[in-house]
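**Student:** Give me coordinates for this.
(one chain, ligands or ions: 1)
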Amino acid sequence: ECIDCGVCEPECPPNAILPDTEKGLEKWLELNRSLSTTWPNITRKGEAPADAENFKDEKDKFEKYFSDKPAAR
Ligand code: SF4
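**Tutor:** Next up, the predicted model:
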C-alpha cells in the first residue's frame, strides 16, 4: 500500500514515476485512477525483462505498446 513517501521517484531508472502534483500529468492520473481499480496489486518484485534496457529511453511507448490487459506473471 503506497504511503506517498516519494522515495520511488528518484529510484526509477527511466524517470517514469512523478509526483501527482506535477502539471501536465492529467492523462496519466486518469489512467492510474481507472486501471488501479481493475488491475491486480503487485506484491512481489519480479525480474526485469532481458531487453528492458533497449526500451528505457524510447519515445511514445504508450502509443506503441500500451495494453489495458495486465501482464501475466
Ligand atoms: S516508495 Fe513510492 S510506491 Fe512506495 S510508498 Fe513511497 S511513494 Fe508509495
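
**Student:** now the helices for this protein?
**Tutor:** Assigned by DSSP state H, the helices in the chain fall at 8-11, 26-35, 52-55, 61-65.

**Student:** Between the ones you listed, which one is closest to the ligand.
**Tutor:** Closest approach to the ligand among the helices of the chain is made by helix 8-11 (3.1 Å; CB to the nearest ligand atom). Heads up, the C-betas are built off the backbone N, CA and C, glycines and all.

**Student:** The chain against the ligand: which residues are in contact?
**Tutor:** Within the chain, the positions lying close to the ligand (CB under 6 Å from any ligand atom) are 2-8.

**Student:** ok, now with 8 Å
**Tutor:** Applying CB under 8 Å from any ligand atom, we find that the chain lies next to the ligand at 1-9, 11, 17.

**Student:** neighbours around residue 13, how many?
**Tutor:** 9 (other CB atoms under 10 Å).

**Student:** And it, how close does it get to residue 24?
**Tutor:** Remark: distance between residue 13 and residue 24 (CB to CB, to the nearest Å) = 21 Å.
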